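Colleague: When you get a sec, could you give me coordinates for this:
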Amino acid sequence: MEPGHWLFGLPSSSSHALFGGLIGAAIAALGVGGVKWDGVISSIVIPAVAAPVVACLVAATGTWLIYTIAARVPGRSRETGFRWGQIGSASLVSLAHGTNDAQKTMGVVTLALIAYGSWTDLKVIPFWVKAACALAIALGTYIGGWRVIRTLGKGLVEIASPQGMAAEAASAAIILSSSHVGMALSTTHVATGSILGTGVGRRGALVRWKVAGRMVVAWVITLPAAALVGAVCWFMADSIGGGLGVGVVALLLVGAALALWRHSYRRPVNQHNVNAEWEPAATPAATRKVEV
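Modeller: Purely as a prediction, here's the structure:
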């Protein structure tokens, strides 16, 4: 699900794709009773609904305060200051991403190693797992981040530096707080809610609600679709058997991801066109200027 949503520039949740894959594989292997559904509701579904709403409110309040306080500062000086401020807030988001999303991936890999019998220590994660997960997240952001960046920074809301700083600060605060108490929030949901909040909190900002609606649809289908893929992969690996089955499934998934990546070059998004005018042009029904 993640590569497919990325191809269309939709910021879907890697966390929910991961959870969905686990749930689907567990149902395929153990039946419906193999999933702790109360934990799914309390730890996945409720936070998925609440996180973007809370992030939107926090970012909207922060954006309003920033523009109110900085109203008397000259435009050029204000813009320069907020650009420097974004370096700090973006760094905090990166740290928050590692404390939350990377931990989930590391946990799943270690769980697989324990289930297979290759790792027995229940209190320590192998160093190579930590390094591999960090490298994968960094490379994924470097290779494929431009499409999602364009959607969030140009398609959803036209973001200026003060809004970017407000969105990043709100996202970092919420994600770091959730990591501290052990909640597995979706970084994508929080960041998207924060960016939407910056449009709501800035007078006269343009918010494309149609784009936001497409994102919500992608969020809703991510977990069940990932569960279906997880179940199919388990049945394929189990029917072939042993390491060969796992290898075949891995090759198929890597091949599908590479095919989507290659297909993306038909309409590339990179540093040269990420800030181009949003297309297709927004219609009056899809947008409105928010007044606060």
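Colleague: Now for the residue of the chain positioned farthest from its centre: which residues touch it?
Modeller: Distance from the centre of the chain peaks at residue 72, with 35.6 Å (CA atoms, centre = their mean). With CB atoms under 8 Å, 6 or more residues apart in numbering as the criterion, no residue contacts residue 72. Bear in mind the C-beta positions are built from the backbone N, C-alpha and C, glycine included.
Colleague: And it, how close does it get to residue 245?
Modeller: Distance of residue 72 to residue 245, given as CB to CB, to the nearest Å: 66 Å.
Colleague: Mind checking what helix or strand follows the longest helix seen in the chain in sequence?
Modeller: Identified as the longest helix of the chain according to DSSP state H is helix 75-116. For helix 75-116, the succeeding helix or strand toward the C-terminus, using DSSP states H and E, is helix 127-150.
Colleague: Now do the buried residues in the very next helix or strand once past that following helix.
Modeller: Using DSSP H and E, the next helix or strand after helix 127-150 towards the C-terminus is helix 161-180. Buried residues in helix 161-180, counted by 16 or more other CB atoms under 10 Å: 161-175, 178-179.
Colleague: ok, now stretch 96-112?
Modeller: Using 16+ other CB under 10 Å as the test for burial, stretch 96-112 gives 96-106, 108-110.
Colleague: and which of those is nearest residue 77?
Modeller: Distance to residue 77, by CB to CB, is smallest for residue 96 among the buried residues of stretch 96-112, at 28.8 Å.
Colleague: okay, the closest one: pLDDT?
Modeller: For residue 96, the model assigns a pLDDT of 86.
Colleague: thought it was touching residue 170?
Modeller: No. The pair residue 96 / residue 170 is not scored as a contact, 10.9 Å apart, by CB atoms under 8 Å.
Colleague: Extract the C-alpha set from stretch 143-153 and format it as CSV.
Modeller: Output of stretch 143-153 as CSV, limited to C-alpha atoms (Å, rounded to 0.1, in the frame of the first residue of the first chain):
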residue,chain,number,x,y,z
ILE,A,143,14.5,8.8,-2.9
GLY,A,144,10.8,9.3,-2.8
GLY,A,145,9.8,12.1,-0.5
TRP,A,146,9.3,14.8,-3.2
ARG,A,147,5.8,13.6,-4.2
VAL,A,148,4.4,13.7,-0.7
ILE,A,149,6.2,17.0,0.1
ARG,A,150,4.5,18.6,-2.9
THR,A,151,1.1,17.4,-1.9
LEU,A,152,1.4,18.6,1.7
GLY,A,153,3.3,21.8,1.0
